[in-house]
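Engineer: build me a structure from this.
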Amino acid sequence: LRGKEKPVDRFLRAARCPCRPQNLAGTIPRAPFRVLFPADGINLFAAPFPHLLRQRKKTQNPMPRYAYCLFALDGTLTDPGEGITRSVAYALSFFGIEVKDRTTLYPFIGPPLVDSFSTFYGFSPEQARQAVGRYREYFSRQGIFENELYPGIKELLEDLKKSTFEKYDAFTVGEVFNMKPDELPEFIGETGHFSTIFDFSAHTLTDGEHGWYDAPKLEFAKWRAAIIQAQLETQKYGFKANIIENHDEPRGASRFLPSYAQTPDGIKMLGTISLLLRGIPFIYQGQEIGMRNAKWNSMEEFDDISTKDQYHTAREAGLSDQEALEVCSRMSRDNARTPMQWADAPNAGFSTGKPWLKVNPNYHEINVEEQETRRDSVLQYYRQLIALRKSEQYKEVFTYGQFHPLYEDSKELYAYERSTQQQNIRI
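Structural biologist: Numbers count the residues shown, from 1 in each chain. Predicted coordinates for the structure are as follows:
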């Protein structure tokens, strides 16, 4: 990356670009370029502006046909549009490319992602929808969209599997958001692209139409129905990875439990429901001691770029500063990124230095050291759940047993059965 090459050349070469935009200045104002992100970052290509799409198809190095993300370096409008997320701007800074103006992202790679980014930094929701519509219409005319998944993604994933994972009998986990129900067997199981994929069915229930500020409150009936549907559908083909929280979500105890149930007993109940489902349980750091969302006093305390963007989105939608802060405090993934609470000690025992994020103030009461000494703690309960699931007596039924919902007519009870020919366990 050293030498006299231009920053753009440096970025494209680092991205292993199959081609470099040539002579764009005379064709397209301000010489924007496109970056293609197949499979959410599995590979990275760069190619000329979409107006040159047909021309590039005729060359020896045709444009890869996966997912498309257009942006202009200076943040000014071009036709059909420009855009760059602040996160992409941050990434470009590593290659010496500075984006000075407030800029935005124009995604056009399928309805799920369009919905996810429907509100843009600096644009009203309606303007954002119009921009997305223009892009989708343009690329539909070019024959880019074959289905709601990225065009060519299945071929890419299958090639990736056969060239890498399969050779070593590796266990793989995928994140898939825009898959149709009938495509599930293509993604998991013995012949699937991955060993398993994460189940986000419950997490998507609190997705807002325009952003976090209009995210609906979680309803017990819908939460229960989403998990039941995912379980019944998945067991036909394989196993999904069951999660309560991860690094991109707020804390599950704060998200899925009503305020009166955000207690050690309520957290144990949530853990029981999740760990004994059919599938592969994943436990995220801090979940096993019942860590919860932090108390955020100002936007300056957040580090996550998407949280800051959602704050601006909420303000533009008419929320006050305090209301927007409360929205971000409830939904930000920084809640799951505060330092692990090891002890009632400075910085929760995480570090003698200054952590990159503030420590959740409740570390005095919620920490590993304190829970190690109590037999009735959340940590000890999680250990017992794991031991139960892996025990000789029950590992067969908890691993391979079928899932059967129970008491579905009840408005207040969530219960299910795991069963084999030899055992039936009711939870």
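Engineer: what confidence value was assigned to the nearest residue to Ala261 once chain neighbours are set aside?
Structural biologist: The shortest distance from Ala261 to any residue other than its chain neighbours is 7.5 Å, reached at Met269 (CB to CB, 6 or more residues apart in numbering). From N, CA and C alone the C-beta is placed, and that goes for glycine too. Per-residue confidence at Met269 stands at 97 (pLDDT).
Engineer: one more: Pro339?
Structural biologist: Looking at Pro339, its pLDDT is 97.
Engineer: for it, phi and psi?
Structural biologist: phi -50, psi 140 (degrees, to the nearest 10).
Engineer: in contact with the residue nearest to it when sequence neighbours are not counted, which residues?
Structural biologist: Counting by CB to CB, 6+ apart, the nearest residue to Pro339 once its immediate chain neighbours are dropped is Phe350, at 3.7 Å. If you count contacts by CB atoms under 8 Å, 6 or more residues apart in numbering, Phe350 has them with Pro339, Met340, Gln341, Trp342, Val359.
Engineer: from these, which is closest to Asp169?
Structural biologist: Looking at these and their distance to Asp169, the nearest is Met340, at 32.0 Å (CB to CB).
Engineer: which SS class is the closest one?
Structural biologist: The assignment at Met340 comes out as coil when based on DSSP: H, G, I helix; E, B strand; the rest coil.
Engineer: let's verify the residue lying closest to Gly401 once chain neighbours are set aside: helix, strand, or coil?
Structural biologist: If you skip the residues right next to it in sequence, Gly401 has Arg418 as its closest partner in space, 3.8 Å away by CB to CB, 6+ apart. For Arg418, the reduced secondary structure class is strand; criterion used: three-state DSSP.
Engineer: Ala225 too?
Structural biologist: Following three-state DSSP, Ala225 is assigned to helix.
Engineer: that older thread, the residue nearest to Ala261: neighbour count?
Structural biologist: Look at Met269: counted by other CB atoms under 10 Å, it has 15 neighbours.
Engineer: still on that earlier bit, just grab the bridge partners of the residue nearest to Gly401 for me.
Structural biologist: When assigned by DSSP bridges, Arg418 has beta-bridge partners Phe403, Ile425.
Engineer: now distance to Ser274 too, for the contacts of Phe350, in CSV please.
Structural biologist: Converted to CSV, the contacts of Phe350 look like this (distance: CB to CB, whole Å):
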residue, distance to Ser274
Pro339, 24
Met340, 20
Gln341, 21
Trp342, 23
Val359, 26
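Engineer: out of those residues, who's the most crowded?
Structural biologist: Across the contacts of Phe350, the neighbour count under other CB under 10 Å reaches its highest value at Gln341, namely 28 neighbours.
Engineer: who touches it in this structure?
Structural biologist: The neighbourhood of Gln341, defined by CB under 8 Å, 6+ apart, consists of 286, 289, 291, 348-350, 359-360, 362-363, 366-368.
Engineer: between the residues you listed, which is closest to Ala324?
Structural biologist: Minimum distance to Ala324 across the contacts of Gln341 is 20.9 Å, recorded for Asn360 (CB to CB).
Engineer: for the closest one, which non-adjacent residue is closest in space?
Structural biologist: If you skip the residues right next to it in sequence, Asn360 has Ala294 as its closest partner in space, 4.2 Å away by CB to CB, 6+ apart.
Engineer: tell me the pLDDT of Pro48.
Structural biologist: Predicted confidence (pLDDT) for Pro48: 27.
Engineer: repeat for Lys222
Structural biologist: If you check Lys222, the pLDDT there is 96.
Engineer: skipping adjacent residues, who's closest to it in space?
Structural biologist: The spatially closest residue to Lys222, leaving aside those adjacent along the chain, is Leu205, at 5.6 Å (CB to CB, 6+ apart).
Engineer: confirm the one you found sits in a helix?
Structural biologist: Yes - if the criterion is three-state DSSP, then Leu205 is within a helix.
Engineer: so it makes contact with Pro216?
Structural biologist: Yes - checked against CB atoms under 8 Å, the pair Leu205 and Pro216 is within contact range at 7.3 Å.
Engineer: of those two, who's got more company?
Structural biologist: Neighbours per residue (other CB under 10 Å) separate Leu205 from Pro216, with Leu205 holding more: 18 against 11.
Engineer: so Ser419 makes contact with Val397?
Structural biologist: Yes - A contact is recorded between Ser419 and Val397 when judged using CB under 8 Å, the distance being 6.8 Å.
Engineer: with neighbour numbers in mind, choose between those two.
Structural biologist: Looking at Ser419 and Val397 with other CB under 10 Å, you find the greater number of neighbours at Val397, namely 21 against 15.
Engineer: with adjacent residues omitted, what lies nearest to the more buried one?
Structural biologist: The shortest distance from Val397 to any residue other than its chain neighbours is 4.3 Å, reached at Gln423 (CB to CB, 6+ apart).
Engineer: roughly how far does that neighbour sit from Gln402?
Structural biologist: 11 Å (CB to CB, to the nearest Å).
Engineer: swap in Leu277?
Structural biologist: Between Leu277 and Gln402 the computed distance is 12 Å (CB to CB).
Engineer: these two - which one has more neighbours?
Structural biologist: The neighbour count for Leu277 versus Gln402, taken as other CB under 10 Å, is higher for Leu277 (23 against 14).
Engineer: phi, psi for that one please.
Structural biologist: Main-chain torsions, Leu277, degrees, to the nearest 10: phi -70, psi 160.
Engineer: go on, Glu186?
Structural biologist: Here Glu186 shows phi and psi, under degrees, to the nearest 10, equal to phi -80, psi -20.
Engineer: so what's it up against?
Structural biologist: Glu186 touches Lys154, Gly192, His193, counting by CB under 8 Å, 6+ apart.
Engineer: how about the second one, secondary structure?
Structural biologist: Pointing back at Gly192 there. Using three-state DSSP as the criterion, the local structure at Gly192 reads coil.
Engineer: correct me, but it touches Lys240?
Structural biologist: No - with contacts defined as CB under 8 Å, Gly192 does not count as touching Lys240, sitting 11.1 Å away.
Engineer: comparing these two, which shows the higher neighbour count?
Structural biologist: Lys240 (25 against 21).
Engineer: how about that one, nearest residue that isn't a chain neighbour?
Structural biologist: Closest residue in space to Lys240, ignoring its immediate chain neighbours: Asp199 at 4.2 Å, by CB to CB, 6+ apart.
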